[in-house]
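Chemist: predicted model and sequence below, questions to follow.
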There are 2 protein chains.
Amino acid sequence: MNNSARHMPIQSPGGVAEEPVLRDARDRRRLILQEATRLFLEEGYGSATTNALVARVGGSKSTIYSYFGNKEKLFGAVVDHVLAQLKTATEDYDPPGGDLEDCLVDLGVKLQAIVLSDDHIALARMVIGEAHRFPKIGWIYHEHGPALAQQGVVDFLLAHDTMPGSGLEDIRDAAEWFTGRLIHRAFIRALCGPGIDADPDEPGRIAQDAARTFVQRFTGPGRGAAA
Amino acid sequence: MNNSARHMPIQSPGGVAEEPVLRDARDRRRLILQEATRLFLEEGYGSATTNALVARVGGSKSTIYSYFGNKEKLFGAVVDHVLAQLKTATEDYDPPGGDLEDCLVDLGVKLQAIVLSDDHIALARMVIGEAHRFPKIGWIYHEHGPALAQQGVVDFLLAHDTMPGSGLEDIRDAAEWFTGRLIHRAFIRALCGPGIDADPDEPGRIAQDAARTFVQRFTGPGRGAAA
DNA sequence: TATGTACCGTACTGTACGGTACACTTGCGA
DNA sequence: TCGCAAGTGTACCGTACAGTACGGTACATA
């Protein structure tokens, strides 16, 4: 018998996602997914337990299992969910006017913001840490994360006719120079742990450097092939 | 506490343990560390079990625990061990003669070989996946891995007087351009899982591009400082 | 021959966790 | 008022695993 008070959807403490009071039980699945996402991102796959999820969501394990079957499937749903959010964020990108360098700075800053966001770092950590157990999820993440971002930069360079006369291969290479400079170091550092060498100004500085140097060295005259 | 005197140590039927090599028990600790390293790199921290380690090493759990205390400490020892090996590999680097581009290609290829080696990828995955549980190990890895490699490139550029007249900050930035181009994409891809888009020729091509483009655009006249 | 030490083999403990069973409750529509 | 689907609370199961206990062995040294 249940003698405790009727369960109230007491609130998830952590987080970005503000929960609109989902009293209506039809949204049960969404709430579970939402809380599972927070939980997995905070704890990682291995350390996140189903009981902890129940404690957050309220309700019972039975409901969770009736919706998602098992923990692995729930994990898959969470990864899809987060990637979908990230994808939306990139699709909404609207380049400002101004000259190329300004546009590249803007693009760079936005890209950094997404890649280095707490949610994305947590997701990447989780996926990388479990890549050997869930190779498929590693692949999905790669295609909907890094590869997509890379393609986004290529599209940007094409759309702005940044390197007129260059072949697609050269543009791809240039995009890799740009993203490598923009992201590599900070991303690895973030993956290794929070607060390593933290300098909040650095991303901005690097975006500036990436844009300026890119314009100077990769666009305009004198960038021909041949060696 | 257990006071039930149930368990009778049924005896080993004579010395069956036919261990081929390293019968000399003085190397016990080293052997354990060695096998633990292989095991952790193959399975990851969470999935590697102490029983599996016993099965590999031979002998008994008691011995392992007498040396390392618990699983976490064993893990720490393993990370130290692998990083020490990687460090040795970088310290032994001996740049060839030839012009700058050739040297950079050589440096790039060697760096890629280390960074993308199976052992390093497995280590990085493990560290990244557990960074939230073992922040200190994340930090140690970062300092002895990525940060060290970065510094190695800076040292190379300085030693070859690649950018005469440039300040240290500019050289650091240039080094980040180089390593970002050289490694970023392939590293992320490798972390996400084996066999994504695998093209065995690509690392070589990228090393070539990184070296050639770097020389063209980041050194010599026309890069902002006198030559 | 005695003794100390490093190691072995195996049974065992405690616990955490994924997952299930099942009786019970609630909201809703007919 | 009834039936039903969805959800709830809780006890429970099986298993996996870290870590321990402890008697026994191999061997070197005294």
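Modeler: All right, it came through fine.

Chemist: alpha carbons only: can I get the lowest-mean-pLDDT helix or strand in chain A in PDB?
Modeler: The weakest-scoring helix or strand in chain A, judged by mean pLDDT, DSSP states H and E, is helix A:71-91 (a mean of 88). Below are the C-alpha coordinates for helix A:71-91, written out as PDB (Å, rounded to 0.1, in the frame of the first residue of the first chain):
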ATOM      1  CA  LYS A  71      18.600   0.800 -20.300                       C
ATOM      2  CA  GLU A  72      20.400   0.600 -23.600                       C
ATOM      3  CA  LYS A  73      17.400   1.600 -25.600                       C
ATOM      4  CA  LEU A  74      16.800   4.500 -23.200                       C
ATOM      5  CA  PHE A  75      20.400   5.500 -23.800                       C
ATOM      6  CA  GLY A  76      19.900   5.400 -27.500                       C
ATOM      7  CA  ALA A  77      16.800   7.600 -27.200                       C
ATOM      8  CA  VAL A  78      18.700  10.100 -25.100                       C
ATOM      9  CA  VAL A  79      21.600  10.400 -27.600                       C
ATOM     10  CA  ASP A  80      19.100  10.900 -30.400                       C
ATOM     11  CA  HIS A  81      17.400  13.500 -28.400                       C
ATOM     12  CA  VAL A  82      20.500  15.500 -27.600                       C
ATOM     13  CA  LEU A  83      21.800  15.300 -31.100                       C
ATOM     14  CA  ALA A  84      18.500  16.500 -32.400                       C
ATOM     15  CA  GLN A  85      18.800  19.500 -30.200                       C
ATOM     16  CA  LEU A  86      22.300  20.200 -31.400                       C
ATOM     17  CA  LYS A  87      21.300  19.800 -34.900                       C
ATOM     18  CA  THR A  88      18.500  22.300 -34.500                       C
ATOM     19  CA  ALA A  89      21.000  24.700 -33.000                       C
ATOM     20  CA  THR A  90      23.200  24.500 -36.100                       C
ATOM     21  CA  GLU A  91      20.400  24.700 -38.500                       C
END
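
Chemist: so what touches it?
Modeler: A:33, A:36-37, A:40-41, A:45, A:50, A:64, A:68, A:114, A:119-120, A:123, A:127, A:130, A:134, A:137, A:140-141, A:144-145, A:148-149, A:152 (CB atoms under 8 Å, 6 or more residues apart in numbering or on different chains). Glycine gets a C-beta too; all of them are placed from N, C-alpha and C.

Chemist: and the helix ranked longest in chain A, how far out from the chain middle?
Modeler: Longest helix in chain A by number of residues (criterion: DSSP state H): helix A:168-192. Between the centre of helix A:168-192 and the centre of its chain there are 15 Å (CA atoms, centre = their mean, to the nearest Å).

Chemist: angle of the helix or strand that comes right after it against helix B:202-218?
Modeler: Note on helix A:168-192: by DSSP states H and E, the next helix or strand toward the C-terminus is helix A:202-218. If you take axes from the mean of the first three to the mean of the last three CA atoms, to 10 degrees, helix A:202-218 sits at 80 degrees to helix B:202-218.

Chemist: good, we can wrap up now.
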